[in-house]
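my questions concern the predicted model and sequence given below.
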Amino acid sequence: MSPALYAAARDLLFRLNAESAHHVTLTGLRLANSLHLLHGFDHPLPGEAPVECMGLTFPNRVGLAAGLDKQGSCIDAFGRLGFGSVEIGTITPRPQAGNPKPRLFRLVEHEAIINRMGFNNPGITQGVRNVSRSKDFGGIVGFNIGKNKDTPNEDATADYLACLRDAYPVADYIAVNLSSPNTPGLRDLQAADTTARLIEVLKGEQARLEKTHGRRVPLALKVAPDLDADHIRALARTFLDTGLDGVIATNTTLERAAVAGHPRAEEAGGLSGAPLTRRADEVVAAFHAELGGKIPIIGVGGIMTAEDAARRIQAGASLIQLYTGFVYHGPPLVTAIRQRLAQGAL
């Protein structure tokens, strides 16, 4: 698919409201995959080699970030588009509808999105069932897990444990989401001491599950971009002390300076896309400096071009993930990034 062809398709989709366009796109991808129309995107490119990260072998460095395939119902299709990994979710123990609509907004002039979806998902049981139905994807599948909105923070650990236990048999890795701005109070769990207690419990359960299932599923944690230097330093120490397997940086931001004056700028929710690029670079670089290469980082947030992806790798990320960049630039961006990273001149 050429950039021009995708731009034409995007113009049609952008005539719909953002959430409707999202559902139409996923339905279209599933249909196209079932009709064998997506073949040819997923072959290794010249110079491209698998990447070892968190003890797993990723076919390439480009992954789909959580949020696009919340239910895990489109994994094979995204694999056909060239993604080496797909992170589904966020998934919670019980199904939930999410926040009232409208809750997803494009800021086209800024190549940005604001969302306040609120972890709308079918629940962990259906998510596991959907992933189990994936037949053709040869890459890595991550489960992004969270707590239900009506679960008090003091009981959040039970929600994360429930998701960890259910996802473990089918997940390649599990990402703990403490950083969405759209579940009230969730980011409070990012306090270093609170995070440490949660990780310790989850790591203990991970060890038990490894013995039960005879396989080790790495545990990563997704952080917000809205962290100051002291908070990053404290979290990095916590991650090292608890033996966390990976860090995903970053989630969406509450900062609005880059889109000030836009009619949608004050919509509640997390901002993603080009306005987040520089800050996500900075957060990845800061965590990389504190972690000293001992824990791998998956870079996500504001990756809109192949050069953005190369810069994120230079900042310290082992892998990258796309969300908003994929919305605005589509499959050609996946190919362009894979080609750029395969060159090795980072």
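Thanks, I have the structure now. Numbers count the residues shown, from 1 in each chain.

where does the prediction get shaky in this protein?
Residues of the chain meeting the criterion pLDDT under 70: 345-346.

contacts made by the longest helix along it with the rest, please.
Taking DSSP state H as the criterion, the chain has its longest helix at helix 192-213. Outside helix 192-213, the residues that touch it by CB atoms under 8 Å, 6 or more residues apart in numbering are 156-157, 160-161, 164-165, 168-169, 176, 178, 188-189, 216-217, 219, 221, 231, 234-235, 237-239, 241-244. (C-beta placed from N, C-alpha, C; glycine too.)

count of residues packed around H43?
Residues lying near H43 (other CB atoms under 10 Å) number 8.

so it: helix, strand or coil?
Assigned by DSSP: H, G, I helix; E, B strand; the rest coil, the conformation of H43 is coil.

distance check, it against C53.
With the distance defined as CB to CB, to the nearest Å, H43 ends up 21 Å from C53.

cool, and L107?
32 Å.

what do you get for L81?
L81 is 20 Å from C53, where distance means CB to CB.

can you pull out the strands in the chain?
Counting by DSSP state E, one finds strands in the chain at the ranges 51-53, 56-58, 62-64, 85-91, 104-107, 112-115, 140-145, 173-177, 219-223, 246-249, 270-273, 297-300, 319-322.

what residues sit buried inside the longest one?
Read it as strand 85-91. For strand 85-91, a neighbour-count test (16 or more other CB atoms under 10 Å) marks 85-91 as buried.

from what I can see N17 touches P102, true?
Yes: if you go by CB atoms under 8 Å, N17 and P102 touch, sitting 6.6 Å apart.

count the neighbours of the closest residue in space to I88 that isn't next to it in sequence for me.
Using CB to CB, 6 or more residues apart in numbering and skipping the chain neighbours, the partner closest in space to I88 is G72 (3.8 Å). Other residues within reach of G72, judged by other CB under 10 Å, total 27.

ok, so of the buried residues of strand 85-91, who is nearest A336?
Using CB to CB, S85 comes nearest to A336 of those, at 17.6 Å.

distance check, the closest one against G273.
On the measure of CB to CB, S85 and G273 end up 21 Å apart.

which non-adjacent residue is nearest P181?
G270 (4.7 Å).

run a quick neighbour tally on the one you found.
By the criterion of other CB under 10 Å, G270 has 23 neighbours.

my guess is it meets I114, correct?
Yes: contact criterion CB under 8 Å: G270 and I114 qualify, at 6.9 Å.

picking that back up, got TSV for the strands of the chain, with distance to A257 too?
TSV is the format used below for those (distance: least, CB to CB, whole Å):
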stretch	distance to A257
strand 51-53	33
strand 56-58	34
strand 62-64	28
strand 85-91	26
strand 104-107	13
strand 112-115	12
strand 140-145	27
strand 173-177	25
strand 219-223	20
strand 246-249	20
strand 270-273	10
strand 297-300	21
strand 319-322	24
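
among these, which is nearest V283?
The nearest among the strands of the chain, by CB to CB, is strand 246-249 at 5.1 Å.
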